[in-house]
Every structure is written in C-alpha cells, then in structure tokens.
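sequence first, then the predicted structure, then my questions.
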Amino acid sequence: MLKVGKITGVHGLHGAVVLRQIIDNTEWLKKGDALFIEMKRESFIPYFVESAKAANEAEYIITLDDVPNAEEARQLVGKTAWVKEDVLETAKVDSPLLYIGFSLVDKQKGSIGIIEDVMLMGSQWIARLTVQGKEVLVPLAEDMILEVNMKNKFIRMDLPEGLLEVYL
C-alpha cells in the first residue's frame, strides 16, 4: 500500500472529511476506490469512497461509506490515508510513491537496495533504503534519475560520489 495523505478535518455535517494529499494530481481518487485509514499503527481499516471532489491542488473533500455524520468523521481526523498501488497506477499518476518496492540501481555501483519508503521533505522526494543494515536516504532529484522502469520495477540513478559513503 502507498501513503497518500492525512485526514485533516471534517467538512459539513454529513460526514465528509478533508484529505490533505501528498500526490501532485487531483484526478486520481474516484468513487468506489478503497481508502485505507491507519487507525492504529499498522492497523488499516478500509473505507469506500462515495464521492471525492478536489478542493484545491492539495486537498480532497471525500464522503466515505460508513461515515454518516460529522461525529464519526471526527474520529478519522489526524489519521494517515493509504491506497493500494493499483489505484494510482490506473490513474496514470507519476508519483514517487509508486517507487516503493523498486530496486535502486546506481550507474557506477550497480544495485544498491530496495526502496522501502518514499517521503516528501519540503519540495524534495526522498527514498529510504536499508543498505548493509543501515538506513540510507537518497534524494529522488530529477537530474540524478536516469531511468524509471515501471515494468521491471527499478530506478537507475547517477548518484553523487560519496553519497552512500556518508552512511556506510
């Protein structure tokens, strides 16, 4: 599953919620899609989208099955929202969130490891990997990415000299 944002508020009296998304696309979420809300750590509860309307580039206003009023919607505020990968793939979203599980391959060093997580820090996407038992953070800067192979699930990069040595 891929993290897509956080429920930041309640909208109206009929159980609609505001999803602050971390995806650069306002067309991906559709009626019938399953949105998984992380109620407790690693505990995902599926909610099916009844309606989704982009409020702006960063927020959706969503009504969900089984959330009939504002009181129940308030219980979702502050919770992280996730979707299955296929929801973003069918929407043709080109988001670094899709890179989770991809192999990261350096032009010089070859295979580095598997991307375990992707996070947005400011305006920069960062990939998190474990290399030789240590956490490594790699910026997913456009000028360093040589190839993204969606079919074979790997990213070929030209990493700056010394980047990995900082961690190892």
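Alright, I've got the coordinates.

touching, residue 70 and residue 9? I think so.
No - contact status for residue 70 versus residue 9: not in contact, 10.3 Å apart, counting by Cβ atoms under 8 Å. For the C-beta atoms, the positions are set from N, CA and C on the backbone; glycine is no exception.

which SS state does the closest residue in space to residue 117 that isn't next to it in sequence fall under?
Distance criterion Cβ to Cβ, 6 or more residues apart in numbering; nearest residue to residue 117, sequence neighbours excluded, is residue 128 at 4.3 Å. Following DSSP: H, G, I helix; E, B strand; the rest coil, we place residue 128 in the strand state.

ok, residue 128 - contacts?
Contact partners of residue 128, counting by Cβ atoms under 8 Å, 6 or more residues apart in numbering, are 115, 116, 117, 118, 119, 135, 136, 137.

now residue 113
Residue 113 sits next to 103, 104, 129, 130, 131, 136 when contact means Cβ under 8 Å, 6+ apart.

highest neighbour count among these?
Neighbour counts for those were taken using other Cβ atoms under 10 Å; the highest belongs to residue 104, with 21 neighbours.

can I have the helix or strand containing that residue written out in CSV, keeping just the CAs?
Using DSSP states H and E, residue 104 maps to strand 103-106. What follows is the C-alpha trace of strand 103-106 in CSV, where atoms were taken according to Å, rounded to 0.1, in the frame of the first residue of the first chain:
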residue,chain,number,x,y,z
SER,A,103,15.3,-1.6,-6.8
LEU,A,104,17.6,1.4,-6.8
VAL,A,105,20.5,0.9,-9.2
ASP,A,106,23.4,3.3,-9.3
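
I'd like the next helix or strand past that strand.
Downstream of strand 103-106, the next assigned helix or strand under DSSP H and E is strand 110-114.
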